[in-house]
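In: Compute the structure for the input listed below.
(2 chains)
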Amino acid sequence: MRGILGPVIRASALFAWSASLYGQTPEQARFERERVAMVDLIELRGVSDSATLAALRSVPRHEFVPPQNRRRAYGDFPIPIGHGQTISQPYIVAFMTEILQPKPGMKVLEVGTGSGYQAAVLAEIGCAVHTVEIFQVLADSARERLDRLGFTVQSRHGDGHHGWPESAPFDAIIVTAAAGYIPPELVRQLKPDGSMVIPVGSVYGIQNLILVNKSLDNTISTRNLMPVRFVPMLSGIR
Amino acid sequence: MKRLDRKLAVAFLSAGTLAYEILLVRIFAIEHFHHFAYMAISVAMLGFGTSGTILALTGRLESTTVERWFGWSTHATVISLVASPTLVHLVALDATQLVWDSSQWIRLAAIYLLLALPFGVGAMAILLGLTIEREHPGRMYGANFIGAGLGAALAVGMLAYLFPQRVLSVPAVLAAIGAVAATPKSAPRHLASISAWILVALSVFVLITPLWRIEVSPYKGLPQVAAFPGARRVHERTSPVGWLVATEADAFHFAPGLSLGFQGELPKQTAVFVDGDLVGATINQPADSSAAGLLDWLPSALPYALGAPSHVLVVAAGGGSEVHSALAHGARAVTAIELHPDLVDLASSAFAGHPEQRKVHWVVADARSFVARTSEKYDLIVLPPAGGLGTSAAGVHSLNEDFLHTVDAYSSYLEHLTPQGILAITRWLTLPPRESVRVILTVAEALRGSASAVVDSQLVVARSWGTTTVLARPAGFDEAEVARLRDWTATRLFDLDWYPSMSAPNSTFHLLEDAPLFRAAAAATHGADSLADFTSAYPFNVSPVGDSRPYPHHFLRIGSLPRLLTSDRGGWLPYAEWGPIALVATLLQSAVLAGLLMLLPAVATGAKRLGTDWWPTVGYFTAIGVAYLAAEIAAIQQIGLLLGHPIYGVAVVLASFLVCSGIGSIRSDRLNPSSIQLTAALLAAILVILGAALLSVVHFLQATSLTIRAASAAVLLAPLAYLMGRLFPLGLRLFAHTDSKRIAWAWAANGFASVVAAPLAALIALETGSRALFFLGAAAYSVAMVLSCKAPTEPDVVS
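Out: Below is the predicted model of the structure:
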């Protein structure tokens, strides 16, 4: 047994040592590789905004999932975080972020903090992020996590459908929990030429992504977007 | 032990296991989702067939051993009926992660095994009982049928008085009575007797103090709203139709498709859930002006843009939002139809403070039979959207029969409109559009069948960011009315996708690629050929459905599933319809597991144990198993329409089928086994007649009272079920004679057929309708008739 384990232990030690040269544990190195692969896949699926992709490469998604699911953190699927909420599929996060065309200094409101991952991605881009979470436990854990990881995000616990009047108006709003209606107060808190994205569906997958635009003359319009390429999929399911 | 005691024991065991099956479906529907319940129960039923395989593979048993095993297996059934739900509730399964998390499959397998346990042990007891009484199998099998029928009726009946978690203890009590009946009376102090009475005490204890509690999936609406700050449960009631909960929370609002231009305050509302799913909301202060303000900015208020209707009928009124809307828009009288009695209590009590509550007439009824019965005409008939957009989009209702949105239903609503009356239907808008497209096509089809005017002038389609509202008026819309509708929708930032004389799509506020609703309306109004061309080219199945295939929420073409599921991970999610996917998965898993557990051992050992003529035996019992399930599921669907709710259909059909089959089975002991051929031929003929005519009879009877409809259903099904009950015991006498091995193989083959036929029949009903199921049943009985000619003329057994 010792004969078999010897080389394994030596190889592991060597690997750990080489990784530590870069200031990373083997686990961190693996997460790094998986994160790069995840973003490559997202890029392959059509997301091209460089700021969005750079933020996704930088934010440690594994820190935002429950410990028992960390090893699956970079898979392209949603992961439960408790209270019937999920950390969204990475592609959906990327798609929604790109849609908002985020730039440093933009003021963004997020309704439904969840794990805090979306807020972290926007903060990494340089946006001034305000995020509201209705579930106390999730709000507390997300605040602790974002502080620990060094993301500058204004967060609070409450009913996000009232928005954040003290900091309104916003350049962009992401509503990650819709209940059959688009809260009128959020529309009011959107700046002229601002946009709001609302994923509508269930944990089984996002079915509708609704983009609300407010023009310079305050005219409101929406577009129904699909998170996947629409026409090729349709031809595939006839 | 007296023979009667054994039959009594079998009857109670059957009652317990069938009650357990029905209750599991209810509890899984509450805790998880309906389609998951079907999957789990299907596998649980494998226990029935597996018991046959085990007994068939066991060496020859002495009659005293069989007697002893029979007694102890009744005890094991009681223990498993307590242990199974207790242990199942300890397994933390997240069914939504099955696609990505392999550890969930281990938990799912554990649940399957635990669920299969009581069915396997209970079936073993029944099979041993049949083996003991092999001279008169009809009586024992009849006791099995009658017990199962009474168990089904008892389970549904008790749900009216007790919460499901407590009713789940009842099967153990029933089985414990069976265990006492199975105890030899000659030795009252015998260990078996003491054990049986201890089990009675245990089951009663569990009834008083359930060892489990219902935990609703955190992904359902109820636990999410319940976790909102300050949320409190204000109402809770249970009935066989569902578990109703009302929860107040300041953060909860229900406003389907609310205009983005709405500037008012949202009124306080109470969320209403059935089985943990959101079904609507009541308005806490009905006289509050904010309520009227909100209701006027919902897309469903579109018909009121043309003026105040005198008499409004609200179909499936739910929490009563549309009733509020009708009153707020000046209706003089509102009739609100709702099937769920507890929901009516809740909604009508919410109107207590409304100054115009006397104008509202609440009716607890199924809308189809109410419309068939009433001679009233209405200025406006409203069908509101149900629940939330999330569940609608995920296709979780795709397997639900819904007779409110068929061509026949829309035709009947149109017939009850006044000359200037309007039918208004609002549905959630999923993407790609499916439900909205089907509603447009179905309304057009109904208009074409009921009026002579041009459909083009009778249809209006409007759309918000999340809903579609379709107006149909047989008298047509004139130019002035169209102008008013255009003004009303423009003010509220809604789009008009279709109105009379519209020639090109014109989305201003809510953009959709390719204008599918305009194209659908254009195709539907141009005629039947144009509609057929449109539906065949559309990527989803959006053809209008009738009462014979009442699945208006099913859009996926089953043939496209393999290509869909092999696409990129996650790429297929937006198109997934979980109902049909679960059904196909159930069929596959049932076929594989049944093949491994029953068919394979039968084929491998059949020739040796049964001689060379084993295949007619297996074929016969497979055919009658398939036929029974096909006829039962077809009857449940069509009788469901007659009685107005699937649960009533299930209760009446199961009770009628099982009890009448039981009587037929008991009477079969007096018949010559050669009567199989005549019985099978009669059954095939009856099923063909039912397939051709039952739906018309159902439509004819719809206008009668519920009592007459229920009695008619029982009378219609009784002769069929009576004859069906004969074929298993007659088959045992013809094919198995008194050989225990053949009896066990017959049981296994019949069990295998039942397990596979249940999802197969559901899939056939989904794709082709219930008529095809009756014809499938007829074909299977014809096969059984032919195979009965191949039965061995005398025992030819090597065992």
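In: show me what contacts residue A:79?
Out: By C-beta atoms under 8 Å, 6 or more residues apart in numbering or on different chains, the contact list for residue A:79 reads A:65-66, A:69, A:72-73, A:86-87, B:97. From N, CA and C alone the C-beta is placed, and that goes for glycine too.
In: and these, which two are the farthest apart?
Out: The largest separation in those, counting by C-beta to C-beta, is between A:73 and B:97 at 13.8 Å.
In: Tell me which residue is most central in chain A.
Out: In chain A, the centroid-proximal residue (C-alpha atoms, centre = their mean) is residue A:118; its distance is 2.9 Å.
In: That one reaches residue A:176, doesn't it?
Out: Yes - contact status for residue A:118 versus residue A:176: in contact at 6.7 Å, counting by C-beta atoms under 8 Å.
In: what residues does stretch B:228-238 touch?
Out: A:134, A:136, A:158-159, B:159-160, B:162-164, B:225-226, B:243-252, B:270, B:342, B:345-346.
In: So for stretch B:160-167, mean pLDDT?
Out: The average pLDDT within stretch B:160-167 is 86.
In: Near chain A, which residues of the stretch 151-300 of chain B are found?
Out: Residues of the stretch 151-300 of chain B lying near chain A by C-beta under 8 Å from any C-beta of the partner chain: B:217-220, B:223-224, B:227-229, B:250-258, B:260-264, B:266.
In: give me that answer again for 6 Å
Out: B:218-219, B:224, B:227, B:251, B:255-256, B:258, B:260, B:262 (C-beta under 6 Å from any C-beta of the partner chain).
In: show me where chain A has strands.
Out: A:79-82, A:85-87, A:107-111, A:128-133, A:153-157, A:170-175, A:190-202, A:205-214, A:220-225 (DSSP state E).
In: any chance you could map the helices in the stretch 1-150 of chain B?
Out: With DSSP state H, counting those that start in this stretch, the ranges of helices along the stretch 1-150 of chain B come out as B:3-31, B:34-44, B:46-57, B:63-88, B:103-132, B:137-158.
In: Also chain A?
Out: Assignment of helices within chain A using DSSP state H yields the ranges A:2-20, A:26-44, A:50-58, A:90-99, A:117-125, A:136-149, A:184-188, A:230-236.
In: What residues sit buried inside the second one?
Out: Spelled out, it's helix A:26-44. For helix A:26-44, a neighbour-count test (16 or more other C-beta atoms under 10 Å in any protein chain shown) marks A:29, A:31-32, A:34-35, A:38-39, A:41-43 as buried.
In: following the lowest-mean-pLDDT helix or strand in chain B, which helix or strand shows up next?
Out: Least confident helix or strand of chain B, by mean pLDDT, DSSP states H and E, is helix B:389-394 with a mean of 45. Of the helices and strands lying after helix B:389-394 in sequence (DSSP states H and E), the nearest is helix B:407-415.
In: Is the longest strand seen in chain B in proximity to chain A?
Out: In chain B, with assignment by DSSP E, the single longest strand is strand B:417-428. No - against chain A, strand B:417-428 shows no contacts by C-beta under 6 Å from any C-beta, the least distance being 8.2 Å.
In: mind checking how far that strand is from the chain centre?
Out: Remark: strand B:417-428 is offset 28 Å from the chain centroid, using C-alpha atoms, centre = their mean, to the nearest Å.
In: Give the buried residues for it.
Out: With burial defined by 16+ other C-beta under 10 Å, the residues of strand B:417-428 counted as buried are B:417, B:421-428.
In: and what of stretch B:194-206?
Out: B:195-196, B:199-200, B:202-203, B:206.
In: Using JSON lines, please lay out these together with pLDDT and secondary structure.
Out: Shown next, in JSON lines, are the buried residues of stretch B:194-206 (pLDDT from 0 to 100; DSSP: H, G, I helix; E, B strand; the rest coil):
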{"residue": "B:195", "pLDDT": "88", "secondary structure": "helix"}
{"residue": "B:196", "pLDDT": "88", "secondary structure": "helix"}
{"residue": "B:199", "pLDDT": "92", "secondary structure": "helix"}
{"residue": "B:200", "pLDDT": "91", "secondary structure": "helix"}
{"residue": "B:202", "pLDDT": "93", "secondary structure": "helix"}
{"residue": "B:203", "pLDDT": "92", "secondary structure": "helix"}
{"residue": "B:206", "pLDDT": "89", "secondary structure": "helix"}
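In: Any chance of TSV for these, columns distance to residue A:122?
Out: Below are the buried residues of stretch B:194-206 laid out as TSV (distance: C-beta to C-beta, whole Å):
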residue	distance to residue A:122
B:195	66
B:196	67
B:199	61
B:200	64
B:202	58
B:203	58
B:206	53
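In: Can you tell me which of these is nearest residue B:294?
Out: Among the buried residues of stretch B:194-206, and counting by C-beta to C-beta, the member closest to residue B:294 is residue B:206, at 47.8 Å.
In: which one is the closest one nearest to, not counting chain neighbours?
Out: Leaving aside its chain neighbours, residue B:206 sits nearest to residue B:169 (4.6 Å; criterion: C-beta to C-beta, 6 or more residues apart in numbering or on different chains).
In: ok, now residue A:168?
Out: Going by C-beta to C-beta, 6+ apart, residue A:168 has residue A:189 as its nearest residue, at 3.8 Å.
In: and if you look at residue A:37?
Out: Per C-beta to C-beta, 6+ apart, closest to residue A:37 is residue A:74, 7.1 Å.
In: for chain A, which spans come out with low pLDDT?
Out: Applying pLDDT under 70 to chain A picks out residues A:1-24, A:177-180, A:201-207, A:226-238.
In: per-residue confidence for the closest residue to residue B:125 other than its chain neighbours?
Out: In space, and not counting its chain neighbours, residue B:125 is closest to residue B:73: 3.9 Å by C-beta to C-beta, 6+ apart. For residue B:73, the model assigns a pLDDT of 92.
In: what residues are up against residue B:73?
Out: The contact partners of residue B:73, by C-beta atoms under 6 Å, 6 or more residues apart in numbering or on different chains, come to B:121, B:124-125.
In: one more time with 7 Å
Out: B:121, B:124-125, B:128 (C-beta atoms under 7 Å, 6 or more residues apart in numbering or on different chains).
In: Would you reformat these as TSV and include distance to residue B:476 and pLDDT?
Out: Putting the contacts of residue B:73 into TSV (distance: C-beta to C-beta, whole Å; pLDDT from 0 to 100) gives the following:
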residue	distance to residue B:476	pLDDT
B:121	66	93
B:124	67	90
B:125	67	91
B:128	71	90
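In: which one of the residues you listed is nearest residue B:279?
Out: When the contacts of residue B:73 are compared against residue B:279 (criterion: C-beta to C-beta), the nearest one is residue B:121, at 38.1 Å.
In: I'd like to know how many residues surround that closest one.
Out: Using other C-beta atoms under 10 Å in any protein chain shown, residue B:121 has 25 other residues around it.
In: any idea how far it lies from chain A?
Out: 35 Å (C-beta to the nearest C-beta, to the nearest Å).
In: before we move on, what about residue B:717?
Out: Taking C-beta to the nearest C-beta, one finds residue B:717 at 38 Å from chain A.
In: And the residue lying closest to that residue once chain neighbours are set aside, which helix or strand is it part of?
Out: Leaving aside its sequence neighbours, residue B:717 sits nearest to residue B:656 (C-beta to C-beta, 6+ apart; 4.6 Å). Following DSSP H and E, one finds residue B:656 within helix B:646-668.
In: ok, now residue B:582?
Out: In this assignment (DSSP H and E), residue B:582 forms part of helix B:578-594.
In: For that helix, name the packing helices and strands.
Out: If you count contacts as 3 or more C-beta pairs under 7 Å, 6 or more residues apart in numbering or on different chains; DSSP states H and E, helix B:578-594 packs onto helix B:34-44, helix B:46-57, helix B:740-768.
In: circling back to that earlier point, give me the buried entries from the contacts of residue A:79.
Out: Listed as buried from those are A:65, A:69, A:73, A:86-87, B:97; burial here means 16+ other C-beta under 10 Å.
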